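Peer 1: could you work out the structure for the sequence below:
(2 chains)
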Amino acid sequence: MKMKGGTGMIERGRISAGQMALILYVGCVGVKILTAPHLAAKWAGRDMWLTPLVAAVSGVSFYVALKLHRRFPGETIIQYSPRILGWFGKGIALLYWIVYIHACSFVIRYYADLVNGVFLPETPPAVVMGGMALVCAAAVRGGLETIVRSAQFLTVPAFAILVIFTVLSSTEWDVENLFPILERGIGPVVRGAVNPSIWFSEYFLAAFLLPYVKEQDKAGRWGAVAIVGSILTLTVFDLISVFVLGNQSATFLYPLFETVRLISLAGFFEHIDAFILAMWLTIIFAKICLFQYVAVLGSAQWLGLSDYKPLSLPIAFILVAVSIWTAPNLSFLNRFLDGEGVFYSHLVQVVIPLGLLAVAGIRKVKGTREEGNAS
Amino acid sequence: MSRFRGFRKRRKRKNSGNDPDIPSTGEDLQVTLHPELEKNRRVMKDMFERCCDVTFRPFRIGKKIEAEIVYIDNMADIEELNDHALAPLMKASLTHPEEIERFLREELPVVSAKPVQTFDECVKQVVAGDPVLFIDGWDRALNLGLRKWEKRGVTEPESEPVIRGSKEGFIESALSNTSLLRRRIQSPQFKMEEMRLGRYTQTRVIVAYIEGVVNEGVLDEVKRRLERIDIDGVLESGYIEELIEDNPYSPFPQINVTERVDTVAADLLSGRVAIITDGSPGVMTMPLNFPTLLQAAEDYYVRFTYATAVRWLRYLLFFFSLTAPSFYVATITFHPEAVPTEQLFNFAAAREKIPLPTFIEALLMEIAFEALREAGLRLPKIVGPAVSIVGALIIGEAAVTAGLVSAPVVIVVAITGIASFSIPRYALGFTMRVLRFPLLILSGSFGMVGFSLGLIALVVHLATLRSFGAPYLAPLAPFRSQELKDALWRSPRWKMDQRPRLSPNEYRQSPDQKPGPEQGGER
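Peer 2: Below you'll find the model as predicted:
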């Protein structure tokens, strides 16, 4: 194994800080705008729109990633964790690789369950997953630049249209549903924030993107913009879900679809949830792409390969298989993401990185690359 | 994998080397001319053996010195040749061969005359149409430069018509095209470099750019890719296009081809490079980004509000031309609840007697439409209308009445067809026609999910594309707010101060030129 010191920059593309922020933002809100009201409402009821604000605490993971990046510029966690902890760090790097394959399989599974459950009940899940994984593999093969550009091109209009559609549902809004606020205190809100916090902790993925950001000085600011943007977006979607569905949000698996289904414009524009699905697919595509990219890049870096692109297709196959094994059904998935999952994701994306940072500080390990090399 | 790659490499090497089977023209002729006319004449006659169009005209200068003009019938300007070359030469009172050179320089009234030293050059000039003069006792020849080719006049480009704007289009002659461009850009900074491509055709290929405005990196890359070309002939700019593209497998055009002079001039002023190919009215400009393909020349000549609105309409129609049939099939087959109830009943009633599933129906109609279009294009112009009558009657009327296809599908296909005609660049129209079918199959199989995944895959492909290093989706992804003014909308002229980022020369014009009653006059 010729790992020592890593193989340098195997990603040749460079992205802007804004692009990094966009893809992290999409990664954070992508699944949640569709599903989280369901999980959050189970605990927090009509106060669920407060949960994103509480959950955003996990956005600290971005700053941990940023701090680590500043210490080891030009490297991802797969590369610098062996630098900090030697062979044990190598093991930790392996953990990250496996974790992100696992996490990606979760997202793919979520997507496939939605599509199978609501739109294509008779299509085998493997086909639904395989289609998406293949498209993502093509994007990963094109490199980081391709991923962020496709994400940019697809998700910005998709979000715009989603917002327009939700505004169209305003005839169904009942602001009274919001009151009384904090009827049962802050406790249920915090419990409801457990699931969203998982998505916020995923801002740690920045550890894989920061080395390739062109404008290093703007990265922190843009990260903050993304986190604030996520809070706002999630709050707005949660609010709408409360306005329209009230306390019953918890009974619907995909409250956004239910909301949109109620839209009726001039008696012609009805039941447009299928189009919302088409929009949402572009968003979930960006999210799966991000995870798949991290899994592919991580494996190439862990193995010390000189190029990650040939791995994109094999890892797509692995991801489809893992997605099938990862959970027996959607309710298991939801239970996991509302319970144990929070420890899992925070351990990996907040606690271990913080530990790495502390050890690096104590042992005074620093990256060998100059900051300038990254740009 | 590696073995396969090695095999391919080996084959490539074999083809690219100087294969003895392909004779190269001219290389063995780098011989200087002989002072004796007889020897020169013999070499030339050998060279042009069995070329019935090459004419040798012997005569005497001042009734003393032997001379000979070699030219090709109908490619040389015979009148000029008689009046301004042959006549003064015959009347000249030359006796010594030493005086020839002085005479040719001072008393021959032909502006483009140029001495030639080698046989190679002589042959090249003769086949290009220039008469070449050989004189006994002079170890050079004179290229008289009196070529005159048949060419058609400058007409309005038929594929890109405008209402307001120049009606000038490029023609097949490269030199006419360069003059059309030079007339637009009268600056010494406007450079045109010539090269010859094609072993047999020796096609004149001209790289044009504006120094100081052009992106040097792109220019070097263009030249490098052109120099790499080694084929027997270049008959159309399409030959070159396929040999210098970034991604040869992509269905999308990566080089802009236009017959409009003003479009090329505007591209040059934006820092792009143009390639003019002799024999082709299509001038290529590069790099190309995707939004450019949906812009028409006229957008810049009409009021910007209208131009912006039309651009948006075009974006919409472009999207329709790609997606309308697949969207219809996905909705009707997989998500009928999205159709308003009454409309759904109508659709159901229309489809009641149809034996085919919607997907097959749409596929067949699309194929029929493409067939009609192709037939209308290839037929002689007189028969053309017959096709559209037959098409309209059979497909529009009879097929519906006979219960073979339903009326909604006919409408969808018609909308798609009209939408695809609104794409201002023909090359992109081809792309849409080809891509519509896989998308239709995906939507017919997986509904909205397949539709969406197909579009996502398309965007991924577009995001990987580059045209001479410039990202294809440029002002949109990567996002460049400065350039949006010419992509998402068309800003008024006085706001377009900056060139695209491509050009090192940032400013097009001085700022603050917004007109108004206060501006100018008393200030």
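Peer 1: span of stretch B:113-120 from start to end?
Peer 2: Stretch B:113-120 has an end-to-end distance of 17 Å (criterion: Cα to Cα, to the nearest Å).
Peer 1: one more: stretch B:225-242?
Peer 2: The first and last residues of stretch B:225-242 sit 11 Å apart, counting by Cα to Cα.
Peer 1: may I see the buried residues of it?
Peer 2: Within stretch B:225-242, the residues that count as buried by 16 or more other Cβ atoms under 10 Å in any protein chain shown are B:Arg225, B:Leu226, B:Val234, B:Glu236, B:Ser237, B:Gly238, B:Tyr239, B:Ile240, B:Glu241. All C-beta atoms are positioned from the backbone trio N, CA, C, and that covers glycine.
Peer 1: tell me which of those is nearest to chain A?
Peer 2: Comparing those against chain A with Cβ to the nearest Cβ places B:Arg225 closest, at 21.0 Å.
Peer 1: please, which helix or strand holds that closest one?
Peer 2: Per DSSP states H and E: B:Arg225 is located in helix B:216-227.
Peer 1: and that helix, what does it pack against?
Peer 2: Secondary-structure packing of helix B:216-227 (3 or more Cβ pairs under 8 Å, 6 or more residues apart in numbering or on different chains; DSSP states H and E): strand B:190-197, strand B:203-210, helix B:237-244, strand B:273-277.
Peer 1: show me the contacts for the closest residue to B:Leu372 other than its chain neighbours.
Peer 2: What sits nearest to B:Leu372 in space, not counting adjacent residues and going by Cβ to Cβ, 6 or more residues apart in numbering or on different chains, is B:Gly391, at 4.1 Å. Listed by Cβ atoms under 8 Å, 6 or more residues apart in numbering or on different chains, the contact set of B:Gly391 reads B:Ala368, B:Leu372, B:Gly376.
Peer 1: among these, which ones are in strands?
Peer 2: If you go by DSSP state E, the contacts of B:Gly391 have nothing in strands.
Peer 1: with neighbour count and pLDDT added, can I get those residues in a markdown table?
Peer 2: Shown next, in a markdown table, are the contacts of B:Gly391 (neighbours: other Cβ atoms under 10 Å in any protein chain shown; pLDDT from 0 to 100):
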| residue | neighbour count | pLDDT |
| --- | --- | --- |
| B:Ala368 | 17 | 87 |
| B:Leu372 | 18 | 84 |
| B:Gly376 | 16 | 80 |
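Peer 1: pick out whichever of those residues sits closest to chain A.
Peer 2: Closest to chain A, out of all of the contacts of B:Gly391 and judged by Cβ to the nearest Cβ, is B:Ala368, at 27.7 Å.
Peer 1: buried ones in the one helix or strand B:Phe430 maps to?
Peer 2: For B:Phe430, the host element (DSSP H and E) is helix B:426-464. Buried positions in helix B:426-464, judged by neighbour count with 16+ other Cβ under 10 Å: B:427-429, B:431-433, B:435-436, B:439-464.
Peer 1: which residues in the stretch 1-150 of chain A form strands?
Peer 2: Here the stretch 1-150 of chain A has no strands by DSSP state E, counting those that start in this stretch.
Peer 1: how about the residues of it by chain B?
Peer 2: A:16, A:18-19, A:115, A:119-120, A:123, A:127-128, A:131-132, A:135, A:138-139, A:142-143, A:145-150 (Cβ under 8 Å from any Cβ of the partner chain).
Peer 1: how about the residue lying closest to B:Ala297 once chain neighbours are set aside, what does it touch?
Peer 2: Leaving aside its chain neighbours, B:Ala297 sits nearest to B:Thr263 (4.9 Å; criterion: Cβ to Cβ, 6+ apart). The contact partners of B:Thr263, by Cβ under 8 Å, 6+ apart, come to B:Glu160, B:Thr285, B:Ala297.
Peer 1: for the first one, grab the count of nearby residues.
Peer 2: As a burial measure, the neighbour count of B:Glu160 was computed by other Cβ atoms under 10 Å in any protein chain shown and equals 18.
Peer 1: for it, helix, strand, or coil?
Peer 2: Secondary structure, DSSP: H, G, I helix; E, B strand; the rest coil: B:Glu160 is coil.
Peer 1: bridged to the residue nearest to it when sequence neighbours are not counted, which residues?
Peer 2: Excluding the flanking residues, the one nearest B:Glu160 by Cβ to Cβ, 6+ apart is B:Arg260, at 5.3 Å. When bridges are called by DSSP bridges, B:Arg260 pairs up with B:Gly169.
Peer 1: correct me, but B:Arg260 touches B:Glu158?
Peer 2: No: when contacts are counted by Cβ atoms under 8 Å, B:Arg260 is not listed as touching B:Glu158 (11.2 Å).
Peer 1: overlap in contacts, those two.
Peer 2: Among the neighbours of B:Arg260, those also in contact with B:Glu158 (Cβ under 8 Å, 6+ apart) are B:Gly169.
Peer 1: name the residues that touch stretch B:342-361?
Peer 2: The list of residues contacting stretch B:342-361 from outside it, by Cβ under 8 Å, 6+ apart, reads A:268, B:328-329, B:332-333, B:336, B:339, B:364, B:403-409, B:440, B:443-445.
Peer 1: any weak-confidence spans in the chain?
Peer 2: Just so you know, I chose chain A. A:1-8, A:36-37, A:265-269, A:368-375 (pLDDT under 70).
Peer 1: ah, I was thinking of chain B
Peer 2: Across chain B, residues meeting the criterion (pLDDT under 70) sit at B:1-30, B:97, B:519-523.
Peer 1: about what we covered before: name the element the residue nearest to B:Ala297 belongs to?
Peer 2: Per DSSP H and E: B:Thr263 is located in helix B:261-269.
Peer 1: quick check: angle from that helix to strand B:190-197?
Peer 2: Here helix B:261-269 points in a direction 100 degrees away from that of strand B:190-197 (axes from the mean of the first three to the mean of the last three Cα atoms, to 10 degrees).
Peer 1: how far off strand B:273-277 does helix B:261-269 point, in degrees?
Peer 2: Angle, helix B:261-269 to strand B:273-277, by the same axes, to 10 degrees: 140 degrees.
Peer 1: could I get helix B:261-269 in CSV with only the CA atoms?
Peer 2: Only the C-alpha atoms of helix B:261-269 are listed here, as CSV (Å, rounded to 0.1, in the frame of the first residue of the first chain):
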residue,chain,number,x,y,z
VAL,B,261,-21.8,37.8,-41.8
ASP,B,262,-23.1,39.9,-38.9
THR,B,263,-23.3,37.0,-36.5
VAL,B,264,-19.7,36.1,-37.2
ALA,B,265,-18.6,39.7,-36.8
ALA,B,266,-20.4,39.9,-33.5
ASP,B,267,-18.7,36.7,-32.4
LEU,B,268,-15.3,38.0,-33.3
LEU,B,269,-16.1,41.2,-31.3
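Peer 1: which residues of the stretch 201-350 of chain A lie near chain B?
Peer 2: Proximity of the stretch 201-350 of chain A to chain B (Cβ under 8 Å from any Cβ) is limited to residues A:267-268, A:270-275, A:277-278, A:281-282, A:285.
Peer 1: turn the residues you listed into CSV, columns for secondary structure and neighbour count.
Peer 2: Shown next, in CSV, are those (DSSP: H, G, I helix; E, B strand; the rest coil; neighbours: other Cβ atoms under 10 Å in any protein chain shown):
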residue, secondary structure, neighbour count
A:Gly267, coil, 9
A:Phe268, coil, 10
A:Glu270, strand, 17
A:His271, coil, 18
A:Ile272, coil, 21
A:Asp273, helix, 25
A:Ala274, helix, 23
A:Phe275, helix, 21
A:Leu277, helix, 24
A:Ala278, helix, 23
A:Leu281, helix, 24
A:Thr282, helix, 25
A:Phe285, helix, 30
